[in-house]
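In: this one's sequence-less:
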């Protein structure tokens, strides 16, 4: 079974731009969670989607948003990018909400 | 607030020896789950082991085992017979039982395995 895939793997954007990251979960998994990983703050939870509904949201500004499609694929959008948004964005999928999470390789976002 | 603390930013171990990574957490919940994840330099996070808080028996997965002390809110990971492939960043994570998949991670411990 294929693992969690994330596209693109690397991205360079300029301050003020917006970006969309994509995550394809393991086949059959309905829960997708997003995390931001930085050297200073570590891994921080962004949000979780289950069956196309946002189930949980972390403490991030409204510039960070997401959605999930009927095939469980998820996208994360960051608008008005700031330098501090530079990070590794990890996506994790699980069979159900509150299940074991399987992580993707991440998208490395650099904001200049 | 739920917090997870890993007090050892870096650890090293000789190949074939045993090492223990520490983790403490703070919660007022009685039902929750604890995890150890490994993140090798390739950056793909891999689940190493999980522990349900309601289980008194410590979880074991081959060379990996935990020492779960619920009253002390401590959850350490023991790696026996360390191998070069164990070199990675290890993250301790906590998940309440009733908030979906919102994980709280520690800051990680970088493990070096010395040949």
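Out: Sure thing, it's come through. Just so it is clear, the model here is predicted, and its values are computed rather than measured.
In: what sits up against stretch A:34-41?
Out: A:23, A:43-48, A:60, A:66, A:74, A:76, A:86-92, A:106, B:103, B:105 (CB atoms under 8 Å, 6 or more residues apart in numbering or on different chains). (Each C-beta comes from the backbone N, C-alpha and C, glycine too.)
In: Most remote residue from the middle of chain B, which is it?
Out: residue B:115 (23.0 Å; CA atoms, centre = their mean).
In: do you know how far the residue nearest to that residue when sequence neighbours are not counted is from chain A?
Out: Excluding its sequence neighbours, the residue lying closest to residue B:115 (CB to CB, 6 or more residues apart in numbering or on different chains) is residue B:15, at 5.4 Å. Distance, residue B:15 to chain A, using CB to the nearest CB, to the nearest Å: 27 Å.
In: Backbone dihedrals for residue 32, please?
Out: Just going to use chain A. Dihedral angles of residue A:32 (phi, psi; degrees, to the nearest 10) stand at phi -130, psi 130.
In: Am I right that it is in contact with residue A:93?
Out: Yes - at 5.2 Å, residue A:32 counts as touching residue A:93 under the criterion of CB atoms under 8 Å.
In: joint contacts of these two?
Out: What both residue A:32 and residue A:93 touch, as defined by CB under 8 Å, 6+ apart, is the set A:23, A:25, A:72.
In: what's the neighbour count on the first one?
Out: In other words, residue A:23. 27 (other CB atoms under 10 Å in any protein chain shown).
In: and if you look at the last one?
Out: By other CB under 10 Å, 21 other residues sit near residue A:72.
In: again with the second one
Out: By the criterion of other CB under 10 Å, residue A:25 has 27 neighbours.
In: per-residue pLDDT, it?
Out: Looking at residue A:25, its pLDDT is 96.
In: and what of the one 4 residues further on?
Out: The predicted local confidence for residue A:29 comes out at a pLDDT of 93.
In: Could you pull out the strands in the chain for me?
Out: I'll assume chain A. According to DSSP state E, chain A carries its strands in the segments A:5-7, A:10-13, A:19-24, A:31-38, A:42-50, A:53-57, A:64-68, A:74-78, A:87-94, A:102-103, A:107-111.
In: my bad, chain B
Out: Under DSSP E, chain B gives strands at B:3-5, B:10-14, B:19-21, B:24-26, B:32-39, B:46-52, B:60-61, B:64-69, B:74-79, B:88-96, B:104-105, B:109-114.
In: Need those in TSV (columns: mean neighbour count).
Out: Shown next, in TSV, are the strands of chain B (neighbours: other CB atoms under 10 Å in any protein chain shown):
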stretch	mean neighbour count
strand B:3-5	16
strand B:10-14	14
strand B:19-21	19
strand B:24-26	16
strand B:32-39	22
strand B:46-52	17
strand B:60-61	12
strand B:64-69	18
strand B:74-79	20
strand B:88-96	23
strand B:104-105	22
strand B:109-114	17
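In: Tabulate those (TSV), appending mean pLDDT.
Out: What follows is those, written out as TSV (pLDDT from 0 to 100):
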stretch	mean pLDDT
strand B:3-5	93
strand B:10-14	97
strand B:19-21	98
strand B:24-26	96
strand B:32-39	94
strand B:46-52	93
strand B:60-61	94
strand B:64-69	96
strand B:74-79	97
strand B:88-96	94
strand B:104-105	93
strand B:109-114	97
